[in-house]
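Engineer: Need coordinates for the following:
(2 chains)
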Amino acid sequence: MTSVSFYFQVHQPYRLNRFSFFDIGSERGYFDDTENERILRRVAEKCYLPMNALLLDLINKHDGKFRFAMATTGTLLDQLERWHPEALESFKRLSETGCVEFICETSHHSLAFLSDPVEFEAQVKAQRDTLHRHFNSEPTTFRCTELVISNDIAKSVEAMGFKALLGEGADQLLGWRSPNQTYRPKGCKSLSLLLRSYSLSDDIAFRFSNQSWDRWPLTAPDFVETLQELPDEAEFAGLFMDYETFGEHQWRETGIFDFMQYLPAEILKHERFDFATPGEVAAAHPPKLDLDIPHPVSWADAERDLTAWLGNAMQRSADEALYKLGPDARRTLELGRSDLYADWQKLTTSDHVYYMCTKWFSDGDVHKYFSPYTTPHDACIAFMNVLADLELRLRAALGEGSKGSPKAHGPGDATARDELASNRPQSSAKTTQAAEADAGEADSSEQASIVTPVAKKVQTERENANKSNKKAAPKAGRKSKKQRGSK
Amino acid sequence: MKVLMLGWEFPPQISGGLGTACYGLSRGLAKQGVGVLFVIPRALGSEPKEDVEVIGADQVLVPDPPATGAAATKSNPSNQPDAARVPVRLRHAYTGAHQPTASMAPDLHVFTVDSPLRPYMTERGYDQRLAELSQRKDPPGVRASDPSKASSPKAGSDSAASSSTQASSPAKRQRQEIRGGYGPNLGAEVERYAHAVAELARTRSFDVIHAHDWMTFLAGASAARVSGCPLVLHVHACEYDRAGDRADERIVALEQRGLDEADRVICVSEYTRGVIERNYRVDPAKLRVVHNAVTQREQERTLHWNRTIDDPIVLFLGRITYQKGPDYFLEAAARVLKVLPRARFVLSGEGDMLPKMIERAAKLGIGANVHFTGFLKGEEVERMYAMADLYVMPSVSEPFGISSLEAMALDIPVIVSRQSGAAEVLSGALKVDFWDVEDLAGKIIALLTMPSLRASLLEEGRGEVRRMRWEERGRSLREIYQELVS
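Structural biologist: Below you'll find the predicted structure:
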């Protein structure tokens, strides 16, 4: 018996405003909620509503024999709650059938597992809570953003109590081995790793509407024929794909909905096939083999690695700068501020660095399709400006003021120079020469003191503002943004 | 005295210091009682109108080549119904009145020749602009001219008479013939502009022809030949400044031709005089230096923007191109940030090196402290200056660098490269060799951390900048004109 195991990834990021340098410190919100709402509504109308209805219908029609899994990110559910409660309800109706397994991941579709274990755990916990709240679900299967897996990730996922993990059945990982059986990642005790059958999955997700593909048009019987080529001992076939495949990436006109409508019946015609969710597959087939995953593997692009997110210097620099703010962002929670951490978390959504990808040649089309920016450099500029703004807000909230703007003029020898300068303000040539001579040695002496008249003034104003804020309400200063940022 | 002045930038259409300088010089001359007719490729109508008489955007100077008359009329959209039919003459847009023999107003006229010429434009940008233009108007045509004459202005046009005969001879669209010169379309445009200017010089009387930078050199030379007036060329930048070793030899050749024909060559700095002497064959006796200056408005301006960031901000404002040295700015930034981790470095401008610079900042690991604003317009420039604590101009080769004076007038301390004209006149600026990023970093740190240094430099600089008046430059120009006229 081979189980066909569908899993659909459902995600929408919070896209950013074109945040310019002049917006830094201006209290402008980070997220382009007009655009976010517009896209969410479009996708809901074109994909979520019709596809949820179709799947619900199939579940009812097949009397529980048609089952599948879904991963709905926290940022998606948050947006549905704000802008499309009807679509959220339709997901809930699916969950009520008992035939849908909800898979856990990071609430913000982040790469926190790579560099920020504290945040990783926090986002997993948040996502568990969210899935429980919306779907009354207690997830036992986990997937990392973009199906990234490695030995280390698997170990921490197991430690958090998950039974199964989803990953990419990448050639570089499997070599001659089959993606159709469960594995135990090296170093894990009992965690089952279920891999994606990328060829079968991409027949639906990528190639379905490609008219130059020799198997176009793909029908349900055609697809089942391919399934039958699986060896008898295949435990399962992991058909993992973006949910937006249905109606958004592949438009309704391509026949993708019709294909899905007939596929379950076509599969169930054959006794060797049934449907099972990843959790059910894991329970039925404890891993017999270990799999060593020393380097992270993902489902993206031809390389199946992290280069779509962290492949170039802009991306790595953005990622580093982002996670550097993590500890401060979490510290503001202790001050009773949730807006700053909420904003920061939304920036951890991996889409932001994905937009900075410069691999235009082989996978560029896919990247361009998903990016709201004209160029990866524009994406980098906006993101870094937002980070700069957040850094300033964090600093203000944590009461660090501006270390850079001292009131004092710095240590000893500066005073001597001050006098020198003030004694002969008019003797231009000499002063300048002295200044130039001084300039070279300056880095050693007066490093920390930065004085600009404007900076000073602004700082004083800010301090005053902070004082009055403290007296009144601690969150008053950021009201507008807070309203935007939260639900 | 009347001057026919040729340039391709005039406020508000400016992409660099050239337009600012042309404006300042024209007004400086006006103050000296010299009448100036300023011709730019295309005016918007929003050019400054203070003591300057400005001719509007649809004030197009059109040569009337009889052969193309019919064709041009046929394909000419209705918004410029009679442009192609009128004889060569000038019209005031706002009155529509013809001014064939108008007496030169005491100050300054700006006339327009419809042409897509823009400074720093690549041929690709040119093509786009041309497409825009041709939607509006009959595509630019080029009068019939022997290709050998096009590439060698001296040939066959020794007198005003022969040239004027040519100018009124039947015109054909012959861009092909110019193509061999120096770039297919840009070359044709330079030629077309020159043709229009020559027509103007033929029908009006001037004492001096004064052309600014290479795109108008040919026009200046033609106008001088047609009118018999002395020719003054003004070098704000030459091809070696813009492109270094990758100089476009076609542009260099054009510059050389202009410099050969000029009676006087005005350089914006001693630095530029040196560049010209080294790279072109020019009689040193023809060379003069007239530095740029600062308008009174700039001198008295104060900014009223609220600062939104209290981290120290170091500003680079200019095209993100080889000439301006943005890469050295970033290298210095990386060194400064090791000492002052909160400093922020802003690069304002567009240019072919922009994507590379964004990636470079990331590679240096300073992406979080380096901000790119793109090209800033009007108010945004003011806002940027208002936020800056320090202005850095690390140009590889900067004939002058007028923006450094503006920064200084706004009480922003300035660091300029020694490879700039501004370095000659600003003793209140710190100076570095553009390649010496260690030195640059040290001086940035010094200016951000030593209030006394800032104060003394600003004090010094303020006085200096106040003494740099365009009227003074206008006086220098008038003296040079007088040498030639008398």
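
Engineer: C-alpha from now on. contacts and neighbour counts both.
Structural biologist: Fine.

Engineer: Can you report how many residues neighbour residue A:213?
Structural biologist: 12 (other CA atoms under 10 Å in any protein chain shown).

Engineer: what about it, which SS state?
Structural biologist: Here residue A:213 is coil, with the state taken from DSSP: H, G, I helix; E, B strand; the rest coil.

Engineer: confidence score at it?
Structural biologist: Note on residue A:213: pLDDT of 93.

Engineer: Residue A:132 now?
Structural biologist: 97.

Engineer: Quickly find the element holding it.
Structural biologist: Assigned by DSSP states H and E, residue A:132 belongs to helix A:117-135.

Engineer: Which strands or helices does that helix pack on?
Structural biologist: With contacts defined as 3 or more CA pairs under 8 Å, 6 or more residues apart in numbering or on different chains; DSSP states H and E, helix A:117-135 has these neighbours: helix A:85-96, helix A:112-115.

Engineer: Enumerate the residues of the stretch 1-150 of chain A near chain B.
Structural biologist: For the stretch 1-150 of chain A, the residues in contact with chain B (CA under 8 Å from any CA of the partner chain) are A:20, A:21, A:22, A:24, A:25, A:26.

Engineer: before we move on, back to that, return the member of the helices and strands packed on helix A:117-135 having the minimum mean pLDDT.
Structural biologist: Among those, helix A:112-115 scores lowest, with a mean of 94.

Engineer: Outside of that one itself, list whatever touches it.
Structural biologist: Under the criterion CA atoms under 8 Å, 6 or more residues apart in numbering or on different chains, residues A:119, A:120, A:153, A:323, A:348 lie in contact with helix A:112-115.

Engineer: Same check on stretch A:322-330?
Structural biologist: Contact with stretch A:322-330 is made by A:115, A:116, A:119, A:340, A:341, A:344, A:347, A:348, A:387, A:391, A:394, A:398, as judged by CA under 8 Å, 6+ apart.

Engineer: Turn those into JSON lines, columns for neighbour count and secondary structure.
Structural biologist: Conversion of the contacts of stretch A:322-330 to JSON lines gives the following (neighbours: other CA atoms under 10 Å in any protein chain shown; DSSP: H, G, I helix; E, B strand; the rest coil):
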{"residue": "A:115", "neighbour count": "13", "secondary structure": "helix"}
{"residue": "A:116", "neighbour count": "15", "secondary structure": "coil"}
{"residue": "A:119", "neighbour count": "21", "secondary structure": "helix"}
{"residue": "A:340", "neighbour count": "23", "secondary structure": "helix"}
{"residue": "A:341", "neighbour count": "21", "secondary structure": "helix"}
{"residue": "A:344", "neighbour count": "22", "secondary structure": "helix"}
{"residue": "A:347", "neighbour count": "27", "secondary structure": "helix"}
{"residue": "A:348", "neighbour count": "22", "secondary structure": "coil"}
{"residue": "A:387", "neighbour count": "24", "secondary structure": "helix"}
{"residue": "A:391", "neighbour count": "23", "secondary structure": "helix"}
{"residue": "A:394", "neighbour count": "22", "secondary structure": "helix"}
{"residue": "A:398", "neighbour count": "14", "secondary structure": "coil"}
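
Engineer: between those, which is closest to chain B?
Structural biologist: Nearest to chain B out of the contacts of stretch A:322-330 is residue A:387 (CA to the nearest CA; 7.3 Å).

Engineer: if I look at that closest one, how far off is residue B:190?
Structural biologist: Distance, residue A:387 to residue B:190, by CA to CA, to the nearest Å: 47 Å.

Engineer: And residue B:403, by the same measure?
Structural biologist: Counting by CA to CA, the gap from residue B:403 to residue B:190 is 28 Å.

Engineer: for residue B:376, same thing?
Structural biologist: Per CA to CA, residue B:376 is found 28 Å from residue B:190.

Engineer: for residue B:439, same thing?
Structural biologist: Taking CA to CA as the measure, residue B:439 falls 42 Å from residue B:190.

Engineer: Looking at the two, which one has more neighbours?
Structural biologist: Using other CA under 10 Å, the more surrounded residue of residue B:439 and residue B:190 is residue B:190, with 22 against 19.

Engineer: give the contact list for that one.
Structural biologist: With CA under 8 Å, 6+ apart, residue B:190 has these contacts: B:117, B:215, B:216, B:218, B:219.

Engineer: The second one: how many residues sit nearby?
Structural biologist: Right, the one you point to is residue B:215. Neighbours around residue B:215, by other CA under 10 Å: 26.

Engineer: Repeat that for the last one.
Structural biologist: The number of residues packed near residue B:219 is 28, by other CA under 10 Å.

Engineer: what's the answer for the fourth one, then?
Structural biologist: By other CA under 10 Å, 28 other residues sit near residue B:218.

Engineer: What strand or helix carries it?
Structural biologist: Residue B:218 belongs to helix B:217-227, assigned by DSSP H and E.

Engineer: what packs against that helix?
Structural biologist: In terms of contacts (3+ CA pairs under 8 Å, 6+ apart), helix B:217-227 is packed against helix B:160-167, helix B:184-203, strand B:208-212, strand B:231-235, helix B:249-261.

Engineer: now those in CSV, with mean pLDDT?
Structural biologist: Listed next are the helices and strands packed on helix B:217-227 as CSV, based on pLDDT from 0 to 100:
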stretch, mean pLDDT
helix B:160-167, 36
helix B:184-203, 73
strand B:208-212, 95
strand B:231-235, 97
helix B:249-261, 90
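
Engineer: got the ones you listed as JSON lines, with distance to residue B:33 columns?
Structural biologist: Output for these, formatted as JSON lines (distance: least, CA to CA, whole Å):
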{"stretch": "helix B:160-167", "distance to residue B:33": "28"}
{"stretch": "helix B:184-203", "distance to residue B:33": "21"}
{"stretch": "strand B:208-212", "distance to residue B:33": "14"}
{"stretch": "strand B:231-235", "distance to residue B:33": "18"}
{"stretch": "helix B:249-261", "distance to residue B:33": "27"}
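
Engineer: Quick one, which of the ones you listed gets closest to residue A:259.
Structural biologist: Of all the helices and strands packed on helix B:217-227, helix B:184-203 sits nearest to residue A:259, with 54.8 Å by CA to CA.

Engineer: Residue B:292: what secondary structure?
Structural biologist: Assigned with three-state DSSP, residue B:292 falls in the coil class.

Engineer: do the same with residue B:381
Structural biologist: The three-state label given to residue B:381 by three-state DSSP is helix.

Engineer: That one: how many residues sit nearby?
Structural biologist: 14.

Engineer: tell me how far stretch A:272-290 is from the chain's mean position?
Structural biologist: Offset of stretch A:272-290 from its chain centre (CA atoms, centre = their mean, to the nearest Å): 27 Å.

Engineer: Using PDB, write out every CA atom in that stretch.
Structural biologist: Output in PDB follows, covering the C-alpha atoms of stretch A:272-290 (Å, rounded to 0.1, in the frame of the first residue of the first chain):
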ATOM      1  CA  ARG A 272      -2.600   0.000  -3.900                       C
ATOM      2  CA  PHE A 273      -3.200   3.700  -3.100                       C
ATOM      3  CA  ASP A 274      -4.800   5.500  -0.200                       C
ATOM      4  CA  PHE A 275      -4.500   9.000   1.200                       C
ATOM      5  CA  ALA A 276      -2.700   9.700   4.500                       C
ATOM      6  CA  THR A 277      -1.500  12.800   6.100                       C
ATOM      7  CA  PRO A 278       2.200  13.100   6.900                       C
ATOM      8  CA  GLY A 279       1.500  12.500  10.600                       C
ATOM      9  CA  GLU A 280      -0.400   9.300   9.700                       C
ATOM     10  CA  VAL A 281       2.400   8.100   7.400                       C
ATOM     11  CA  ALA A 282       4.900   8.700  10.200                       C
ATOM     12  CA  ALA A 283       2.900   6.700  12.700                       C
ATOM     13  CA  ALA A 284       2.400   3.800  10.200                       C
ATOM     14  CA  HIS A 285       6.000   3.700   9.000                       C
ATOM     15  CA  PRO A 286       8.600   4.200  11.700                       C
ATOM     16  CA  PRO A 287      11.900   5.100  10.100                       C
ATOM     17  CA  LYS A 288      14.200   2.100   9.300                       C
ATOM     18  CA  LEU A 289      17.100   4.100   7.900                       C
ATOM     19  CA  ASP A 290      19.100   7.100   9.100                       C
END
